[in-house]
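>>> coords below, sequence missing:
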């Protein structure tokens, strides 16, 4: 069982090493091989061969003083393949095997570990002189350290899972787009696509679990109709209530809105669930999206709405409605009009929508049903049509795709040229800079992953801006929200070929 102890970190973007108590490296993941020049399964290679600490503390001394829980992150220096000593924030995780005490060591460049207390950073210098013992840490601190280890493992798994799913979804959607509608294998591929999308939800749950509270989830900017259609589809799958009739009316070219897709979908699911629960007989649920321009301060429900451009989503049912004396209470947490139900849950929906700068309104009359209206502010009066026709996805520009995962580069080389683009690829930030400098004036767009070894996506973005500020940027990640990119220049992993092509088209303008 222990032979595969490093497997969950094999494809991680940061170096990870499996050590025994003497400091011998038993195994190195791909990032460690690239960063330190080690073999994947080195023979009798000691950690001291890449030890860059300018102190009298040896590897053996450090490991011997390690306690039996997960210590806080510490700063250590290791020699890279190029020979220079580079500071890393290091996480140790201990386990026992038939060989005795052993360790997993994970190395992060400065800034890649976010959300950890400053206490962990201040203890970094002293950690190399004596690892803290269980006797001088209280129970909450020990529990916090164990949770930190679990969070980083979950983050690793979610990142690697997202990379694999991006390849699966990309190739599957490409094949489906070229396949005849009556092909005998089409249903099987559609099932693969649905299963991959479900797995992507699980990966996102892992990412949410491992994301520090201060780190904001990736925000999309674009067309709310897409989210609305997908959410309605969840209630129309086989096995759904047969006595419900759905009517929908979507704004042809809705204003562009900045939103957390998962949160908005959760809010929509909650409102639709309540509409479905309210209809205990054959009934109709109506869903409508439209652009709204408010020229003077208005009121939506209990909220005042300032002037501006908005996208309105209205969800109506022809259920029994809500009595007038109960309407003032619908925004109270846990308020319900039904035994055994959570009620409208509008307090929860209200929180999500207002965090997006929007408002929630409700109209209801006994016997006449209920209408919930969500107003979300547009970024500006800019209309984006995400449902581009196939012929509109083609282009002739030159793209540079940067990712340390070969399978994602291969996918890009298959999908993008099929739609007319010239594609260059780079497996690292430094290689991307070389290609950019040798093709100045010829590259129109750079698509880069944000989590890569040696040079992160953020560092690469800054270098590209300095070298070729005219080049457009599109950042990709399943976890990290890039800080410096244009709001429209972000692509959430995993993605389908259609999402990739649409985002490329948008980024190119």
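Cool, got the structure. It should be emphasised that the depicted structure is a prediction, and the values quoted were computed from it without experimental measurement.
>>> count of residues packed around residue 507?
Residues contacting residue 507 under the criterion other CB atoms under 10 Å number 22. Where you see a C-beta, it was placed from the backbone N, CA and C, and this is true even at glycine.
>>> Name the helix or strand for it, please.
According to DSSP states H and E, residue 507 maps onto helix 497-508.
>>> Could you do residue 289 as well?
Using DSSP H and E, residue 289 sits in strand 283-294.
>>> average pLDDT for that strand?
Mean pLDDT, computed over strand 283-294, is 90.
>>> And for stretch 58-74?
Mean pLDDT, taken over the full extent of stretch 58-74, equals 69.
>>> now stretch 373-388
So the average pLDDT for stretch 373-388 ends up being 68.
>>> Buried residues, whichever helix or strand residue 276 is part of. List them.
If you go by DSSP H and E, residue 276 is part of helix 261-278. By 16 or more other CB atoms under 10 Å, the buried positions in helix 261-278 come out as 261-265, 267-268, 270-276, 278.
>>> I'd like to know which elements that helix is packed against.
Other elements packing on helix 261-278 under the criterion 3 or more CB pairs under 8 Å, 6 or more residues apart in numbering; DSSP states H and E are helix 224-234, strand 283-294, strand 308-317, helix 346-355, strand 369-383.
>>> Let me know which of these is tucked in deepest.
Of these, the one with the most neighbours on average (mean count of other CB atoms under 10 Å) is strand 308-317, at a mean of 21.
>>> Which other helices and strands does that one contact?
Taking 3+ CB pairs under 8 Å, 6+ apart as the contact definition, the neighbouring helices and strands of strand 308-317 are helix 224-234, strand 255-259, helix 261-278, strand 283-294, strand 369-383.
>>> quick one, helices of the chain?
30-36, 59-64, 118-122, 124-127, 139-178, 186-210, 224-234, 261-278, 346-355, 406-415, 429-438, 457-467, 497-508 (DSSP state H).
>>> And those helices: which comes nearest residue 102?
Judged by CB to CB, the one of the helices of the chain that comes nearest to residue 102 is helix 59-64, at 9.6 Å.
>>> quick one: buried residues of that closest one?
By neighbour count with 16+ other CB under 10 Å, helix 59-64 contains the buried residues 59, 62-63.
>>> So what touches that helix?
Outside helix 59-64, the residues that touch it by CB atoms under 8 Å, 6 or more residues apart in numbering are 19, 21-23, 46-48, 51, 103, 128, 131.
>>> State the number of residues packed around the residue nearest to residue 411 when sequence neighbours are not counted.
Spatial nearest neighbour of residue 411, chain neighbours left out: residue 170 (4.5 Å); criterion: CB to CB, 6 or more residues apart in numbering. Residues lying near residue 170 (other CB under 10 Å) number 25.
>>> Tell me who's in contact with residue 412.
Residues in contact with residue 412 (CB under 8 Å, 6+ apart) are 399, 401, 403, 423, 425, 447, 500.
>>> give me the number of residues near the closest residue to the fourth one other than its chain neighbours?
Take residue 423 and drop its neighbours on the chain: the residue closest to it by CB to CB, 6+ apart is residue 416, 4.8 Å away. Using other CB under 10 Å, residue 416 has 21 other residues around it.
>>> tell me the contacts of residue 416?
399, 401, 423, 500-501, 504.
>>> Buried only: go through those residues for me.
Neighbour counting by 16+ other CB under 10 Å classes 399, 401, 423, 500-501, 504 among the contacts of residue 416 as buried.
>>> Go through those and say which is closest to residue 80.
The shortest gap between residue 80 and any of the buried ones among the contacts of residue 416 belongs to residue 401, at 24.8 Å (CB to CB).
>>> my read: the closest one touches residue 423, true?
Yes - Residue 401 is in contact with residue 423 according to CB atoms under 8 Å; the separation is 6.2 Å.
>>> Give the residues shared as contacts by those two.
Overlap of the contact sets of residue 401 and residue 423 (by CB under 8 Å, 6+ apart) consists of 412-413, 416.
>>> Any chance of CSV for these, columns distance to residue 463?
Below are the shared contacts of residue 401 and residue 423 laid out as CSV (distance: CB to CB, whole Å):
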residue, distance to residue 463
412, 21
413, 23
416, 23
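>>> Reformat those as TSV; add distance to residue 249 and pLDDT.
Rendered in TSV, the data for these read as follows (distance: CB to CB, whole Å; pLDDT from 0 to 100):
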residue	distance to residue 249	pLDDT
412	37	88
413	41	90
416	35	91
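>>> Give me the neighbour count for residue 100.
Residue 100 is flanked by 9 other residues according to other CB under 10 Å.
>>> sorry, that was for residue 366
For residue 366, the number of neighbouring residues by other CB under 10 Å comes to 11.
>>> related to what we said a few turns ago, tell me which of the buried residues of helix 261-278 has the lowest pLDDT.
Here the lowest pLDDT out of the buried residues of helix 261-278 sits on residue 262, with 76.
>>> Could you measure from that one over to residue 268?
11 Å (CB to CB, to the nearest Å).
>>> just checking, residue 468 touches residue 442?
No - contact between residue 468 and residue 442 fails when scored by CB under 8 Å: they sit 9.9 Å apart.
>>> if I look at the spatially closest residue to residue 185 that is not a sequence neighbour, how far off is residue 371?
Excluding the flanking residues, the one nearest residue 185 by CB to CB, 6+ apart is residue 179, at 7.5 Å. In this structure, residue 179 and residue 371 are 41 Å apart, going by CB to CB.
>>> Same check on residue 438?
Using CB to CB, we find residue 438 at a distance of 59 Å from residue 371.
>>> any low-confidence regions in the stretch 301-450 of the chain?
Under the criterion pLDDT under 70, the flagged ranges of the stretch 301-450 of the chain are 301-303, 329, 331-345, 347-348, 380-391.
>>> I meant the stretch 101-250 of the chain, not that one.
Low-confidence regions of the stretch 101-250 of the chain, defined here as pLDDT under 70, cover residues 110-159, 202, 204-222, 238-240.
>>> Pull the number of nearby residues for the closest residue to residue 93 other than its chain neighbours.
Setting aside the residues directly before and after it, residue 93 is nearest to residue 104 in space (CB to CB, 6+ apart), at 4.4 Å. In terms of burial, residue 104 registers 22 neighbours under the definition other CB under 10 Å.
>>> Many thanks, have a good one.
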